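*Asks:* quick one, fold the following:
(one chain, ligands or ions: 2)
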Amino acid sequence: MTESSQQDRVLIFDTTLRDGEQSPGATMSHDEKLEIAQLLDEMGVDIIEAGFPIASIGDFEAVRDIAKLAQNATICGLARANPTDIDRAWEALRDAKSPRIHTFIGTSPTHRDITELDMERMIERIDETVTHARNLCDNVQWSPMDATRTEHDFLCRTVETAIKAGATTINIPDTVGYTAPRESAALITMLRERVPGADTVVFATHCHNDLGMATANALAAVEAGARQIECTINGLGERAGNTALEEVVMALRTRNDIMPYRTGIDTKRIMQASRMVATVSGFAVQYNKAIVGKNAFAHESGIHQDGVLKNAETFEIMKPEDIGLSSTNLVMGKHSGRAALNAKLSELGYELGANQLKDVFVRFKELADRKKEVYDEDLVALMADNSTNAAHDYIQVRHLRVVCGTESPQTAALTLVIDGAEHSAEATGDGPVDATFNAVKALYPHDVKLQLYQVHAFTEGTDAQATVSVRLEDEGTVFTGQSADTDTVVASAKAYVNALNKLLFNRNRARAGAALQSAS
Ligand code: KIV
Ligand code: ZN
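*Replies:* Numbers count the residues shown, from 1 in each chain. Ligands and ions are numbered 1, 2, ... in the order given. Below is the predicted model:
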């Protein structure tokens, strides 16, 4: 079946790695992007927009490597309306099993002013650039940026030009989140009725959430004939974000009676994807966020709890299992065995090899010794803890004692194992975390920028585990470290050292590469 012949099938185009990553502060490392892409590919996303190849070397390499890795999804790269951008996108995409070039230009009056193109010159530019892209790749998506604020007659001309030049998907972006559901539907209807050749392409909807209507606008566009929804995990994206993948997918599934369209998403992977993107981007999901928020399936009031226990449908329109949450938050403890841990992790979406399970089991036991009850969220934190394999790291945290309280300065006494040898130092700082990071620097002097320090507590209680993310920047490249511990300062030290190890590994690799080049 071709994309356009699947009348009741809505394609899911995920742009977490492009539009989502554009969100200030959401920068992801190369490996993190690959990990997210792998999951999106496995969970049935039809098209993954992997980046904007001309934007940076990092973006180029991410698109190139995701293109090589994807087994099922079409891999898409973004390009402005010029041949240099389009050639660079193609260079990154060419090894994909199914590549797509996505080229765009701002068509509204404001954007025409910025690009200094009048209507006629813009039509010429669209014709030239879409033709250029189509000569490289059979699958070309074209977007009139700010479509919802573009004059209808001109929008029709631009879309007609792109279709004639060979575009196979026409995406209609609501770039500034300005439209409303009825208008979003009317725009797609108008284009499908007025533009010659409209029946030969797939129309896509790309909504931003500035007025909180991105999901409603995307679904309205589908009802009017759009067959591709552009979205991001957790609704990540610039300003108020993009349409959230989990919301449109679960809305189409739950209200299939009135919106009879299907997607190819394995909804049981939604929670895993949400947690991964939240951890990697450092953007925590708000508690009351639809579908993936911590409280989305929590029933606090007595009446609700009673009703749900008697019949889950009383207050639940979806089952927690549908998105990959286990129906029973079965509590694990120090008596739980390896098989039970493995079963629980697999229920949470983690499939581990024997060696990895062995490592995780050791850490699980350590945690269960300190924490009476180990919840699902604790296990997720444990899995997100990159320092799990610290035994193989160049620098390891051996011992930490901090003195903190009302009297400053706070002090950290830290012992690190560096390349197999123990070294200790004491340092002071503005708070225990600052003192700890200063102690790391005293033991292993280095000059990098601390770009982000973030703490999340996934479970309640004073013995809750804190998951700490640390992002270090070294000459434009970002390295993220993570660790979880019931002691926030210990988690902070391990997360910092985790990021530092990644950075050092990368420096060594670069040095080895340069040495190899000069020797050859
Ligand atoms: O919001 C927007 O207009 C975009 C385009 C590049 C498609 O993200
Ligand atoms: Zn966008």
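*Asks:* make it CA atoms for all contacts and neighbour counts henceforth
*Replies:* Noted.
*Asks:* show me the shaky parts of the stretch 301-450 of the chain.
*Replies:* The model of the stretch 301-450 of the chain has pLDDT under 70 over residues 301-315, 327-330, 386-392.
*Asks:* what kind of secondary structure is residue 416 in?
*Replies:* Look at residue 416: counting by DSSP: H, G, I helix; E, B strand; the rest coil, its state is strand.
*Asks:* residue 355 and ligand 1: what is the separation?
*Replies:* Distance, residue 355 to ligand 1, using C-alpha to the nearest ligand atom, to the nearest Å: 42 Å.
*Asks:* please apply the same query to residue 455.
*Replies:* Using C-alpha to the nearest ligand atom, one gets 30 Å for the distance from residue 455 to ligand 1.
*Asks:* name the strands paired with the host helix or strand of that residue and say parallel or antiparallel.
*Replies:* Taking DSSP states H and E as the definition, residue 455 sits inside strand 449-457. Applying DSSP bridges, strand 449-457 is found paired with strand 466-474 (antiparallel).
*Asks:* CA atoms only: put the partner strand into CSV for me.
*Replies:* What follows is strand 466-474 as a C-alpha-only set of coordinates in CSV (Å, rounded to 0.1, in the frame of the first residue of the first chain):
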residue,chain,number,x,y,z
ALA,A,466,17.1,11.8,43.1
THR,A,467,18.0,11.6,39.5
VAL,A,468,20.6,14.2,38.6
SER,A,469,21.5,15.3,35.1
VAL,A,470,24.7,17.2,34.4
ARG,A,471,25.6,18.6,31.0
LEU,A,472,29.2,19.7,30.3
GLU,A,473,30.2,21.6,27.2
ASP,A,474,33.6,21.2,25.6
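*Asks:* still on that earlier bit, check the offset of the strand holding residue 455 from the chain's centre.
*Replies:* Distance of strand 449-457 from its chain centroid, counting by C-alpha atoms, centre = their mean, to the nearest Å, is 17 Å.
*Asks:* what residues of the helix ranked longest in the chain count as buried?
*Replies:* With secondary structure taken from DSSP state H, the chain has its longest helix at helix 488-519. The neighbour-count check on helix 488-519 (16 or more other C-alpha atoms under 10 Å) flags 488-503 as buried.
*Asks:* next one: stretch 129-140
*Replies:* For stretch 129-140, the neighbour count (16+ other C-alpha under 10 Å) marks 129, 130, 131, 132, 133, 134, 136, 137, 139, 140 as buried.
*Asks:* please name the nearest non-neighbouring residue to the residue of the stretch 151-300 of the chain found nearest ligand 1.
*Replies:* Across the stretch 151-300 of the chain, the shortest distance to ligand 1 (C-alpha to the nearest ligand atom) belongs to residue 175, at 3.7 Å. Once flanking residues are discounted, residue 175 sits nearest to residue 146: 4.9 Å by C-alpha to C-alpha, 6 or more residues apart in numbering.
*Asks:* next up, the contacts around that neighbour.
*Replies:* Counting by C-alpha atoms under 8 Å, 6 or more residues apart in numbering, residue 146 touches 106, 107, 108, 111, 173, 174, 175, 176.
*Asks:* now do the fourth one, the pLDDT please.
*Replies:* The reference is to residue 111. pLDDT, residue 111: 97.
*Asks:* which of the residues in whatever helix or strand it lives in are buried?
*Replies:* Element membership for residue 111, per DSSP H and E: helix 109-115. Neighbour counts over helix 109-115 (16+ other C-alpha under 10 Å) mark residue 112 as buried.
*Asks:* could you identify the helix or strand that succeeds it?
*Replies:* In the C-terminal direction, the helix or strand that comes right after helix 109-115 (DSSP H and E) is helix 119-136.
*Asks:* restrict that next one to CA atoms and write it as PDB.
*Replies:* Only the C-alpha atoms of helix 119-136 are listed here, as PDB (Å, rounded to 0.1, in the frame of the first residue of the first chain):
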ATOM      1  CA  MET A 119       5.400  36.700  -4.600                       C
ATOM      2  CA  GLU A 120       6.700  36.000  -8.100                       C
ATOM      3  CA  ARG A 121      10.200  35.400  -7.000                       C
ATOM      4  CA  MET A 122       9.100  33.200  -4.200                       C
ATOM      5  CA  ILE A 123       7.100  31.000  -6.600                       C
ATOM      6  CA  GLU A 124      10.200  30.700  -8.700                       C
ATOM      7  CA  ARG A 125      12.300  29.800  -5.700                       C
ATOM      8  CA  ILE A 126       9.800  27.100  -4.600                       C
ATOM      9  CA  ASP A 127       9.800  25.600  -8.200                       C
ATOM     10  CA  GLU A 128      13.600  25.600  -8.300                       C
ATOM     11  CA  THR A 129      14.300  24.200  -4.900                       C
ATOM     12  CA  VAL A 130      11.600  21.500  -4.900                       C
ATOM     13  CA  THR A 131      12.700  20.400  -8.400                       C
ATOM     14  CA  HIS A 132      16.300  20.300  -7.100                       C
ATOM     15  CA  ALA A 133      15.300  18.200  -4.100                       C
ATOM     16  CA  ARG A 134      13.200  15.900  -6.200                       C
ATOM     17  CA  ASN A 135      16.100  15.300  -8.600                       C
ATOM     18  CA  LEU A 136      18.000  13.900  -5.600                       C
END
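*Asks:* name the residues that touch it?
*Replies:* With C-alpha under 8 Å, 6+ apart, helix 119-136 has contacts from 81-83, 86-87, 90, 101, 103, 105, 107, 112, 140, 142, 154, 157-158, 161-162, 164-167.
*Asks:* contacting residues around residue 107?
*Replies:* By C-alpha under 8 Å, 6+ apart, the contact list for residue 107 reads 122, 144, 145, 146, 147, 150, 155.
*Asks:* ok, those vs ligand 1, which is closest?
*Replies:* Closest to ligand 1, out of all of the contacts of residue 107 and judged by C-alpha to the nearest ligand atom, is residue 145, at 4.2 Å.
*Asks:* next, count neighbours for the nearest residue to that closest one once chain neighbours are set aside.
*Replies:* Nearest non-adjacent residue to residue 145, counting by C-alpha to C-alpha, 6+ apart: residue 106, 4.2 Å away. Neighbour count of residue 106, defined by other C-alpha atoms under 10 Å: 22.
*Asks:* can you give me the distance of residue 106 to residue 125?
*Replies:* The spacing between residue 106 and residue 125, counted by C-alpha to C-alpha, to the nearest Å, is 11 Å.
*Asks:* show me which residues of the stretch 101-250 of the chain are close to ligand 1?
*Replies:* 143, 145, 146, 173, 175 (C-alpha under 6 Å from any ligand atom).
*Asks:* residues touching the last one, list them.
*Replies:* With contacts defined as C-alpha under 8 Å, 6+ apart, residue 175 is in contact with 145, 146, 147, 148, 206, 207, 208.
*Asks:* mind pulling the model confidence for the second one?
*Replies:* The one in question is residue 146. At residue 146, pLDDT is 98.
*Asks:* name the helix or strand for residue 250, please.
*Replies:* helix 245-254.
*Asks:* tell me what that helix is packed against?
*Replies:* helix 214-223 (3 or more C-alpha pairs under 8 Å, 6 or more residues apart in numbering; DSSP states H and E).
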